[in-house]
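Peer 1: generate a structure from the sequence data that follows.
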Amino acid sequence: MKITETFKNFSSYLWGKKKELVDMDEKDVLLAKVVMDIHRKRSHTTFENVNLFQLYPIHPIDREGSLASMEKRSQVLMDFRNELLAQRILTGEILKKFIPSVSAIKAVRTGDDSYVTFEGNGRLASLQKVFTPQDYMEVEIELYHFSNVKKMIRRVERVRSLHNL
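Peer 2: Take a look at the predicted model:
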């Protein structure tokens, strides 16, 4: 990816988060550092389908703007719930169609059957509000891999702990 394209994507991401900037505190600074570390220290990424309820957010959705976006997404998903249930696997393309975003849901594997999402937490909250574990929905994620995964898991879990997750 060209540096100009990377900058453009990052700028778009930040612009989308502008309403959240005024509510930022020290937990958010650590979150930003950990997310930068995830991007910098990854060895590679893969796209994988995982069970929706094996995904856990790195931070809660608890700010006004994020909650409003989550509710809008949840309503769209609820309107098409039966159609989506018939799919059973929510690919990146399906997610873009119903709940568009600038990136995939991005995650780090933290255990054999658990993943922490560091991008797409609002979409994750909407999906988990609309579907149940009994629906056995799978979601396509971009999974980040590391040469020193234990160190990255400690960093991710520290952020979750600060958010009481």
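Peer 1: using PDB, list the CA coordinates for the helix or strand where V34 lies.
Peer 2: Assessed by DSSP states H and E, V34 sits inside helix 26-41. C-alpha atoms of helix 26-41 as PDB (Å, rounded to 0.1, in the frame of the first residue of the first chain):
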ATOM      1  CA  GLU A  26      -5.900   8.400  29.600                       C
ATOM      2  CA  LYS A  27      -7.600   5.000  28.700                       C
ATOM      3  CA  ASP A  28      -8.000   6.200  25.200                       C
ATOM      4  CA  VAL A  29      -4.400   7.300  24.900                       C
ATOM      5  CA  LEU A  30      -3.300   3.700  25.900                       C
ATOM      6  CA  LEU A  31      -5.800   2.300  23.500                       C
ATOM      7  CA  ALA A  32      -4.400   4.400  20.700                       C
ATOM      8  CA  LYS A  33      -0.900   3.300  21.500                       C
ATOM      9  CA  VAL A  34      -1.900  -0.400  21.600                       C
ATOM     10  CA  VAL A  35      -3.700  -0.100  18.300                       C
ATOM     11  CA  MET A  36      -0.600   1.600  16.700                       C
ATOM     12  CA  ASP A  37       1.600  -1.200  18.200                       C
ATOM     13  CA  ILE A  38      -0.800  -3.900  16.700                       C
ATOM     14  CA  HIS A  39      -0.400  -2.300  13.300                       C
ATOM     15  CA  ARG A  40       3.400  -1.800  13.600                       C
ATOM     16  CA  LYS A  41       4.300  -5.200  15.100                       C
END
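Peer 1: what residues sit buried inside it?
Peer 2: If you call a residue buried by 16 or more other CB atoms under 10 Å, then helix 26-41 has these buried ones: 28, 31, 34-35, 38. For the C-beta atoms, the positions are set from N, CA and C on the backbone; glycine is no exception.
Peer 1: likewise stretch 152-165?
Peer 2: For stretch 152-165, a neighbour-count test (16+ other CB under 10 Å) marks 152-153, 155-157, 159-160, 163 as buried.
Peer 1: now the angle from whatever helix or strand comes next after the helix holding V34 to helix 26-41?
Peer 2: Once the chain leaves helix 26-41, the next helix or strand it forms, by DSSP H and E, is strand 42-51. Relative orientation of strand 42-51 versus helix 26-41 (axes from the mean of the first three to the mean of the last three CA atoms, to 10 degrees): 110 degrees.
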